[in-house]
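Visitor: Build me a model from this:
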Amino acid sequence: HVQLALFWTAASFLAAGIFLAPYISGREPDKQHWLAYGLLGALALVVGGSLLGEALSVFGVEWAKGSPLWDQQWEYLDLPRVWQILLTVGMFLWIAMIYRVIRARLRTEHRTNLPWVFFYAGLAIPGFYAVGLLAGTGNHLTVSEFWRFWVVHLWVEDFLELFTTVMVAYIFVMLGVVRRRIALQLVFLDVILYSVGGVIGTMHHLYFSGTPVEHMALGAFFSAMELIPLTFLTIEAWTFLQLGSRQQAHGTAPFPHRWAVMFMVAVGFWNFLGAGVFGFLINL
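Guide: As a prediction, the model looks like this:
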């Protein structure tokens, strides 16, 4: 059930990237929808195959035991190796699809502008998931656990959250509720906090190995810092809505995207409450 939840999360990010890319570039290449259908079919195959492989392991089917292709069963990396490889390949094909859509826009933008940042954040998703291939059942536990936590923490909690922040920032910019410069500054703040908070924050996973309390405290604190930029974006958008409400009181035309912005504000709020408040309480 944990693996299925990760599949759902990954599929949501893939879908969001495919949806946003044409808005960023202003166009969509021919036959792009067929690539999206193909990726959906490949994802369904990987999910179904993964659940089948995990069932074979749970029920102890003899021919699946010890196989380099079917053996895996690490927590959060439960899917057998063959499906892990195919999922990694599928995510690299996804970022190639994204690049196909936005490459014309990238040629006209500086490499530190939002379109490039969107592409970099998307590229990190397959890149850091692929690190999980270094965790193998033939390695020493400490070695495999090191690489597994690159997926569990740096992929799930850092780079997926970075892509979330970039997408939310871009949507706010396109809706006109956050200035492009503010959005870009918050994204770079995100990168800094993830670089520091992500690496040090990984220590909050090490409670099971008798980690000193100082490591737990540092890990909990820096891990909780990761949500600050998205919270700032949420406050900025909420402030815009309040300003817009006062302006509407003197005008006749309502802001057309109010509920879209409210939905994104809710995303930021629940991220702050769940990942920030509740996540920090769990660590404490």
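Visitor: Identify the residue nearest the residue nearest in space to the middle of the chain in space, chain neighbours excluded?
Guide: The centroid of the chain falls nearest to L160 when counting by Cα atoms, centre = their mean (1.5 Å). Once flanking residues are discounted, L160 sits nearest to F13: 6.3 Å by Cβ to Cβ, 6 or more residues apart in numbering. For the C-beta atoms, the positions are set from N, CA and C on the backbone; glycine is no exception.
Visitor: Phi and psi next, for the one you found.
Guide: Note on F13: its backbone torsions stand at phi -70, psi -40 [degrees, to the nearest 10].
Visitor: How about P29?
Guide: The phi/psi pair for P29 (degrees, to the nearest 10) reads phi -60, psi 160.
Visitor: where in the stretch 1-150 of the chain is pLDDT low?
Guide: The stretch 1-150 of the chain contains residues with pLDDT under 70 at 1, 64-68, 71-73.
Visitor: residue boundaries of the helices in it?
Guide: Counting by DSSP state H, counting those that start in this stretch, the stretch 1-150 of the chain has these helices, from start to end: 2-25, 32-58, 81-107, 114-129, 141-149.
Visitor: Determine which of those helices approaches P229 most closely.
Guide: When the helices of the stretch 1-150 of the chain are compared for distance to P229 using Cβ to Cβ, the nearest one is helix 114-129, at 12.3 Å.
Visitor: Show me which residues of the closest one are buried.
Guide: 114-115, 117-129 (16 or more other Cβ atoms under 10 Å).
Visitor: related to what we said a few turns ago, which element, helix or strand, includes the residue nearest to the centre of the chain?
Guide: helix 160-175 (DSSP states H and E).
Visitor: Buried residues of that helix, list them for me.
Guide: Here helix 160-175 shows 160-173, 175 as buried, counting by 16+ other Cβ under 10 Å.
Visitor: Could you do stretch 39-55 as well?
Guide: In stretch 39-55, counting by 16+ other Cβ under 10 Å, buried: L39, A42, L43, V46, V47, G49, S50, L51, G53, E54.
Visitor: which one is the third one nearest to, not counting chain neighbours?
Guide: In this structure, L43 finds its nearest non-sequential neighbour in A11, 5.9 Å apart by Cβ to Cβ, 6+ apart.
Visitor: Tell me which residues touch the residue nearest to the centre of the chain, please.
Guide: With contacts defined as Cβ atoms under 8 Å, 6 or more residues apart in numbering, L160 is in contact with T9, F13, I125.
Visitor: roughly how far apart are it and E62?
Guide: Computed as Cβ to Cβ, to the nearest Å, the L160 to E62 distance reads 37 Å.
Visitor: Likewise for F7?
Guide: Using Cβ to Cβ, F7 is found at 27 Å from E62.
Visitor: Looking at these two, which one has more neighbours?
Guide: F7 (18 against 7; other Cβ atoms under 10 Å).
Visitor: wait, isn't the more buried one in contact with G48?
Guide: No: using Cβ atoms under 8 Å, F7 is not in contact with G48; the gap is 10.2 Å.
Visitor: shared neighbours, these two?
Guide: Overlap of the contact sets of F7 and G48 (by Cβ under 8 Å, 6+ apart) is empty.
Visitor: From W155, how far off is I282?
Guide: Counting by Cβ to Cβ, the gap from I282 to W155 is 20 Å.
Visitor: Count the residues that sit near F146.
Guide: 15.
Visitor: Pull out the buried residues from stretch 130-141.
Guide: Buried residues in stretch 130-141 (16+ other Cβ under 10 Å): A130, V131, G132, A135.
Visitor: How about the first one, nearest residue that isn't a chain neighbour?
Guide: Of all residues beyond its chain neighbours, the one nearest A130 is T88 (4.8 Å), with distances taken as Cβ to Cβ, 6+ apart.
Visitor: which residues does the one you found contact?
Guide: Listed by Cβ under 8 Å, 6+ apart, the contact set of T88 reads P126, Y129, A130, L133.
Visitor: mind listing what I95 touches?
Guide: G17, F119, G122, L123, I125, P126.
Visitor: if we go to 7 Å?
Guide: The neighbours of I95, taking Cβ atoms under 7 Å, 6 or more residues apart in numbering as the test, are G122, L123, P126.
Visitor: Return the member of those nearest to M216.
Guide: Closest to M216, out of all of the contacts of I95 and judged by Cβ to Cβ, is P126, at 31.0 Å.
Visitor: Would you mind measuring from the closest one to V261?
Guide: In this structure, P126 and V261 are 30 Å apart, going by Cβ to Cβ.
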